[in-house]
Every structure is written in C-alpha cells, then in structure tokens.
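# here is a sequence with its predicted model. Questions after.
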Amino acid sequence: MSRTDDNWLLRVRNLTKIYGEPNENTLNMTGPLFNSNICPETDAIVACADISFDLYPGEVLGIVGESGSGKSTVVRLLYFDMEKTAGSAFLKPYNSGLANILEESNQKKRFIRNHLMGMVYQNPRDGLNFRFSSGGNIAEKLIMAGNMNVGQIRGRASELLEKTEVPVQRMDDRPSSFSGGMQQRVQISKAIANNPPLLFLDEVTTGLDVSVQAKVLDLIRELQQDLGIAMIVVSHDLSVIRMLTDRTIVLKDGRIVESGLTDQILQDPQHEYSQLLVSSLL
Amino acid sequence: MVENKKYVNKYNFAFIDEATKREIRRKLLKAVAIPGYQVPYSSPEMPISRGWGTGGLHVTLSVIGKKDVFKIIDQGSDASVNACNLREFVHMMTDVKTTFDTSEATLIQTRHRVTEEELKENQIYIYQVPQPEPLRGVERYENKTRQMHGEADYAKMWVSIYESFIRHGDIMLYAGYPVKVNNRYIMAPSPIPKWDIPNLNQSKALHLFGAGREKRLYAVPPYTTVEPLEFEDVKFHTEDFTGLECFKTGYKKAYLDELYFDDGTRHFVINDSNFLDKLMEHSPLKQHSNKYIDKIEA
C-alpha cells in the first residue's frame, strides 16, 4: 500500500509523560542535550516527551534506546496502561481517526484495546492471568469482544494456539506450567485473538534463550506477513529491530533523537547516540 | 443495652432512631432506582453483631409500619433459631403482627431462601446478605470491583465461569449464583440456592438486600429482568432432584432437604416449612412458576 498523508493507521503527536511536578523549564532542561531526564529545578522525571510519529497499515515500526529511555512508556501510554501527561493519538479504524483515543472514557478505551489493539509484554505475567488456563486467557479477550459461545471460543483458541505452535492439548493447562517461550506464544495468541490491526510488542524476546528467541521472532514475522498487522516493536536489541522492522525511532532520555528506515539507521547512523548504539552491536 | 429513661417509650418505634431510618430509606430509594447497584450505607449498631443478619434487620426496621404483617425465615424455616430471635426482636420493637403464612405477610425477611409460594405485589422481600460483592472471588480489591461495576467490565467473571466449565464439566457455583440485573449490573443474590434464582426474574414483589457487615444495600424492583450468568451453549440449571420426593407429601416440585433417620435411612423433605404445612393441610396455594420448575413432573 502506498503511503500518503491520509492512509496512516496510528498518528501520535507530542506524546508526553512526566512524573512529579514539572515547571515551565522542565522540558527545556532535560533531554539528550543535558544527558538527563530529571529536571534540575523540580526533580520531575520526564519519561518521554514530544513523541510524534505516524504508523501505516501493515508497517512495522521499531523503537530502540537504552533502558530508561522511555521506549516502554510510549507503548504503554498507547495501550492505556498509563495516563499520558500531554499529547494525542489517533487510530484510523476508531471514529475514522478523528477522536484522540487517549482522552476517551475508560469504557471506550477498553473497547479500543479489545477490538483494535493487542499487546505482548516482556513479562508474560503482565499480559496473562496465571490463575486462568491458557485457553481461558484467550477466552478473556474473546469474551470482552462479545463472544458468549464456549464452543466457538474454544474453536478460536485452539486455532490460535495451533498458529503459534503451542500444543493444543495443553490449552486447558495454566501458563505457569509452560516454558518461557510457550508463555510468550500464548501471550501472542491472546494479543491477536480478535484480529486487531495494531500490535504492540514490548521486549518480547528478552529473557528467552537464543534458539527460542529465533522461533518467537519467526512467528512474529510470519504473523505479520500472513495477517498484515501493523506493529510497534520495542527493543534494546538491534538484531531484533533489524530482523523485524521497516522503520525505526531512536529514543534517548525520553526524546526522539533519530528516525528513519531501519537499514539506513543501522548502516549510516547520524546522531551520535545512534552511532554509539550501532557500534556497540556485537 | 443502655435504656432510654428520658421518654415514655424505652425505645423508638422499630428500635432505630428516625434520622438513621431516613438515611437507610434514602439509600434504599437509590438502590431501587439503580437495580443491582450496591449502595453504601451507615450500618448502625444493633443488639446483634454485624454479620448475624443486621443488614436484613436494618432494612426491615426502616421500612416496617404499624400495619405490616411480618414473617421471617431462616433457610426456609420459620422455626430456626435465627428466625425466632429476630422475629421476637422485631415484634418487641414494633408490636406488629407476625405470621408464618407466606401469603398473609407483607414483609418477609429471609436468610438464604426464597419462599416456594409465589410473592405478590404488596409484599417486600428482605434478604440478609453476608457478601454483597459478586466479583470478590475474581478480584480482591474493593476499588477495582467498584470500577469494574462502573464500567460493566465483567470479563473476569465470565472467564472464571468458562474455567469452571472446562475444569469440571459444569458451572461449579452453587448458593448465591451470580445474576445480571436489568441487563446491567452483576449482583450476588445472597446465598439462595440456584433453585430460587429464576423466581427473582420479573417477580411481582420488591426485593431488598442488606449486607450489614459489608455496609451495602441493593435492590431488585418488581418486574425486573434477572438472568443467571450463562453461555450460549453452557447453561445455568437448578439443583437436580430427579427421582426424589418429599417423604411427607410425595411432592417433587420443591427444594428438598436431605434427612437421615436414626435407622440410617435417607429421606427428603420440603425445605420451606410453611409451604410443607400448607401442602399437608391441603390449603390453597400458588407456587412460583418458571421454566426449570415447570419441567419437573409432579
């Protein structure tokens, strides 16, 4: 699909999250130039500020940066896990992209989350309820979207588990009895249960051993190609970014320091921090 | 108990002072206006401790009038200890007429049963509720459950029913089966058996619920839709008494109690004592009718 100004899927403008009590100088005295995200005057912490980007249907956008740079904050704000301090986000399939989804009521937000978004967290405990079976976890998402038929729910759940290569016989076991890689697959099944146009992946492979990492990444790439889901991939691992993403944003101290095509950034980083990141790639 | 020596009467009519009664009535009005919504209230001190029926007693004493006829049951029986003591207390404090006869009563307080006899429009049915929060089993924090009710976010509840079904092949919820009231709030109907749940649906009487220890009131107004939670293909059902009957009357269409005699033999008897008495006397009575009871052959 060609990219025009108009066919974006997600439009984010000036997304900002500040902890503490900022004053008028807070934003001017933090950021990569000052090498800090703590305001020297008020001690407010700027988790992220002035994040603006567009995401197009089917596109995969990477967000890289060191820990504490605000990567996860961005996707968690967009998935409504936290409240923004300022900024706006528009989602095309919701209200034709006219409403700022960050300012909707909780009920509307839940609708958006259940129908139009999926999230895969680094820690499966954040995305899954370990007291429910893996099938139950997927069922939760389906029930929230209004499916009230146990037969259909189980059909869809086994279909998803098959697709993510989790043995279907283990559908009724709790995720706590699964390996890390399997837990992550269940989380992915849950995230894509309602065929959302947009998926957030927050450090999905961190903490998995290398062979499992490769399998999970393969799965994500396959899903992306089969279903054409747009994704935002957060990672500190540049090889993950190189493998999955088309475009990349580099974050430092809560600000975007560079953005562009992934290949370009990895081959020819412009900003000094991106250069550092790329040169430290093993 | 500190006795009042200032006035002619030792206690105010119906024990609770008028200001507090008014507060409870106001909260009851709110509860009736929002069927199934739990309204916080004062839960004033009573001569019995909280959790022993104070919620029901608060509601009874704040709505009772001198012309009311009062009946109280405990697990279907007019004669059990809880019922006898509270009946005595309400009678002492109000001097209203008390009765065992379900159809004669205008005010019925209950612990854990709905009468088998159909309720009428002039009756108020009052429940003693130990745990008013139907979501407590899936969410332990009160601020969370309140938010879940506020936003009608009941997915967790549904998943727990789904889980129960896949684990055990049936919905393993018994007394106090969660219901959806007026298509909006999920409500704990106090621990009445599943048998009684369908009788709340479109009931002619006003149902008031008082949870004294948890300080919550809620209500099901007359002619309100009350549906047990069920999936399209996994259905709610009432207790199964197939092949059993009351050993005194041979009646099959009522909630039965299990009895063991001294010789070790097992028998069943109708749980609702007034209903049993009326059946044995052959006096006229009209039972609740719902699709679960109607299926049973007499």
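Alright, I've got the coordinates.
# any idea which residue sits dead centre in the chain?
Since you didn't name a chain, this refers to chain A. In chain A, the centroid-proximal residue (Cα atoms, centre = their mean) is residue A:200; its distance is 2.5 Å.
# was after chain B, sorry
Central residue of chain B (Cα atoms, centre = their mean): residue B:127, 3.7 Å from the mean position.
# go ahead and confirm it touches residue B:205.
No: taking contacts as Cβ atoms under 8 Å, residue B:127 lies outside contact range of residue B:205: 11.7 Å. Heads up, the C-betas are built off the backbone N, CA and C, glycines and all.
# show me what from chain A comes close to chain B.
A:106-107, A:110, A:129, A:132-133, A:135-137, A:139-140, A:143-144, A:148-151, A:153-154, A:172 (Cβ under 8 Å from any Cβ of the partner chain).
# so where is the chain shaky, pLDDT-wise?
Defaulting to chain A. Scanning chain A for pLDDT under 70 picks out the ranges A:1-3, A:281-282.
# could you do chain B instead?
Using pLDDT under 70, the flagged stretches of chain B are B:1-4, B:6-7.
# for it, longest helix please?
Secondary structure of chain B per DSSP state H: the longest helix is helix B:18-33.
# can you give me the distance of the residue of chain A most remote from its centre to residue A:49?
Largest separation from the mean C-alpha position in chain A: residue A:41, at 32.2 Å (Cα atoms, centre = their mean). According to Cβ to Cβ, to the nearest Å, residue A:41 stands 16 Å off from residue A:49.
# and for residue A:100?
18 Å.
# if we can go back for a sec, make a PyMOL selection of the buried ones in the residues of chain A next to chain B.
Per 16 or more other Cβ atoms under 10 Å in any protein chain shown, the buried members of the residues of chain A next to chain B correspond to this PyMOL selection:
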select buried, chain A and resi 110+129+132+133+135+136+137+139+140+143+144+148+150+153+154
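# in the stretch 151-298 of chain B, which spans are helices?
Secondary structure of the stretch 151-298 of chain B (DSSP state H, counting those that start in this stretch): helices at B:155-168, B:273-281, B:291-295.
# could the ones you listed go into a markdown table alongside distance to chain A and mean neighbour count?
Putting the helices of the stretch 151-298 of chain B into a markdown table (distance: least, Cβ to the nearest Cβ, whole Å; neighbours: other Cβ atoms under 10 Å in any protein chain shown) gives the following:
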| stretch | distance to chain A | mean neighbour count |
| --- | --- | --- |
| helix B:155-168 | 4 | 20 |
| helix B:273-281 | 36 | 18 |
| helix B:291-295 | 19 | 13 |
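# now the strands for chain B?
With DSSP state E as the criterion, chain B has strands at B:39-40, B:69-74, B:97-98, B:107-111, B:124-128, B:179-181, B:185-187, B:206-211, B:216-220, B:226-228, B:256-260, B:266-270.
# what are the buried residues along stretch A:246-260?
Across stretch A:246-260, burial judged by 16+ other Cβ under 10 Å covers A:247-259.
# can I get the residues you listed in CSV with secondary structure?
What follows is the buried residues of stretch A:246-260, written out as CSV (DSSP: H, G, I helix; E, B strand; the rest coil):
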residue, secondary structure
A:247, strand
A:248, strand
A:249, strand
A:250, strand
A:251, strand
A:252, strand
A:253, coil
A:254, coil
A:255, strand
A:256, strand
A:257, strand
A:258, strand
A:259, strand
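# give me the number of neighbouring residues for residue 27.
I'll assume chain A. 19 (other Cβ atoms under 10 Å in any protein chain shown).
# other chain: chain B
Look at residue B:27: counted by other Cβ under 10 Å, it has 22 neighbours.
# got a list of what the closest residue to it other than its chain neighbours touches?
Nearest residue to residue B:27, sequence neighbours excluded (Cβ to Cβ, 6 or more residues apart in numbering or on different chains): residue B:41, at 4.3 Å. Going by Cβ atoms under 8 Å, 6 or more residues apart in numbering or on different chains, residue B:41 touches B:23, B:24, B:27, B:58, B:215, B:216, B:217.
# which one of those residues is nearest to chain A?
Of all the contacts of residue B:41, chain A sits closest to residue B:216, with 22.7 Å by Cβ to the nearest Cβ.
# show me the contacts for the closest one.
Applying Cβ under 8 Å, 6+ apart to residue B:216 gives the contacts B:38, B:39, B:40, B:41, B:55, B:129, B:132, B:133, B:210.
# before we move on, what about residue A:148?
B:158, B:231, B:232.
# run the last query once more with 7 Å
Residue A:148 makes contact with B:231, B:232 under the criterion Cβ atoms under 7 Å, 6 or more residues apart in numbering or on different chains.
# and it, how close does it get to residue B:184?
Per Cβ to Cβ, residue A:148 is found 16 Å from residue B:184.
# same question, residue B:157
With distances taken as Cβ to Cβ, residue B:157 is found 14 Å from residue B:184.
# same deal with residue A:6?
Counting by Cβ to Cβ, the gap from residue A:6 to residue B:184 is 40 Å.
# those two: which is more packed in?
The residue with more neighbours, out of residue A:6 and residue B:184, is residue B:184; 14 against 7, by other Cβ under 10 Å.
# hang on, the more buried one packs against residue B:36?
Yes: contact criterion Cβ atoms under 7 Å: residue B:184 and residue B:36 qualify, at 6.5 Å.
# returning to what we had before: any idea what the residue nearest to the centre of chain A is bridged to?
Taking DSSP bridges as the rule, residue A:200 bridges to residue A:119, residue A:232.
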